[in-house]
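Colleague: this one's structure only:
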């Protein structure tokens with residue numbers, strides 16, 4: 001058995017760059033029709049669609065703010081209009097607005113929670129409703145699959161990033177609570193928790209002297225690439241992972257092993 005997604009429709013939020021782009025590209029290579037969601041990166045999303053199509057895949061770009069209920073409903077409607085169904089949701093959209101705790105504005109707190117946590121709730125809710133409506137399409141052992149994008153910071157505290165860490169901690173229990181609720185309907189819900197990944201948003205932290213310091217936190221000795229996360233996302237969405245329900249797959253080179261304690265602290 002291979003990690004294939006033939007005949008399935010995957011909706012990937014925040015897919016115009018970074019992890020979402022890598023996941024969308026790999027899903028298309030694995031046979032899925034991909035809905036490339038973006039918020040502000042329309043040009044990059046369209047470029048990704050052209051790249052997928054030139055490689056023989058199928059994709060469509062659809063804009064939408066995942067923190068807006070109406071926009072999420074329209075996103076799923078556009079996906080169904082384009083391909084007739086949605087079989088996989090990768091709730092990947094996320095952002096950071098970093099600040100020392102005492103200086104953090106309420107606006108920055110709310111913005112991060114609205115996109116990172118409420119956005120995943122809205123997308124997952126729309127996905128569950130769609131899975132129930134379309135039933136078993138015969139394309140996978142599950143009738144639908146949801147993959148929530150978390151972070152190692154659902155586990156590791158992160159000073160100066162309280163809003164981000166809180167959103168990822170919330171995703172952990174949102175995912176497991178939803179998985180518990182819908183598993184009996186053959187809807188699989190799981191999560192990915194990436195560590196330090198070499199994406200444009202992390203360029204300063206993963207290159208130069210900062211990158212050298214970062215390696216001290218990664219026992220495996222390298223910064224991750226987006227494809228490392230995309231491969232894990234492909235596995236979780238495929239029938240190879242059919243018995244994985246409510247699990248978080250950590251993709252971090254060992255960062256959550258707390259390497260500072262290798263010599264007893």
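Modeller: Yep, it's here. This is a predicted model, so every value here is computed, not measured. Residues are numbered from 1 along each chain as shown.
Colleague: residue ranges of the helices in the stretch 151-265 of the chain, please?
Modeller: 162-182, 203-206, 208-215, 226-237 (DSSP state H, counting those that start in this stretch).
Colleague: cool, and the stretch 1-150 of the chain?
Modeller: So, for the stretch 1-150 of the chain - with DSSP H, counting those that start in this stretch - the helices run 18-29, 42-54, 69-83, 106-113, 119-134.
Colleague: How much space separates residue 145 from residue 9?
Modeller: Counting by C-beta to C-beta, to the nearest Å, the gap from residue 145 to residue 9 is 11 Å. C-beta: built from backbone N, CA, C; applies to glycine.
Colleague: quick one, which of the two is more surrounded?
Modeller: residue 145 (28 against 25; other C-beta atoms under 10 Å).
Colleague: Quick check: beta-bridge partners of the more buried one?
Modeller: residue 88, residue 188 (DSSP bridges).
Colleague: got it, and residue 9?
Modeller: With DSSP bridges as the rule, residue 9 is bridged to residue 33.
Colleague: That one and residue 83 touch, don't they?
Modeller: Yes. The criterion here is C-beta atoms under 8 Å, and residue 9 meets it with residue 83 at 4.5 Å.
Colleague: list the residues that contact both of these two?
Modeller: Residues touching both residue 9 and residue 83 (C-beta atoms under 8 Å, 6 or more residues apart in numbering): 33, 35.
Colleague: where's the closest residue to residue 250 other than its chain neighbours relative to residue 49, distance?
Modeller: Leaving aside its sequence neighbours, residue 250 sits nearest to residue 193 (C-beta to C-beta, 6 or more residues apart in numbering; 4.5 Å). Counting by C-beta to C-beta, the separation of residue 193 from residue 49 is 28 Å.
Colleague: for residue 227, same thing?
Modeller: Distance from residue 227 to residue 49, by C-beta to C-beta: 19 Å.
Colleague: neighbour count winner among those two?
Modeller: residue 49 (23 against 15).
Colleague: Surely that one touches residue 35?
Modeller: No. Counting by C-beta under 8 Å, residue 35 is not a contact partner of residue 49; they are 9.8 Å apart.
Colleague: anything in contact with each of those two?
Modeller: Shared contacts of residue 49 and residue 35, counting by C-beta under 8 Å, 6+ apart, come down to 59-60.
Colleague: so where is the stretch 51-200 of the chain shaky, pLDDT-wise?
Modeller: Applying pLDDT under 70 to the stretch 51-200 of the chain flags no residue at all.
Colleague: cutoff 90 now
Modeller: Where the stretch 51-200 of the chain drops to pLDDT under 90, the residues are 199-200.
Colleague: that older thread, quick one: contacts for the residue nearest to residue 250?
Modeller: So residue 193 contacts 150-152, 154-155, 168, 248-252, 256 (C-beta under 8 Å, 6+ apart).
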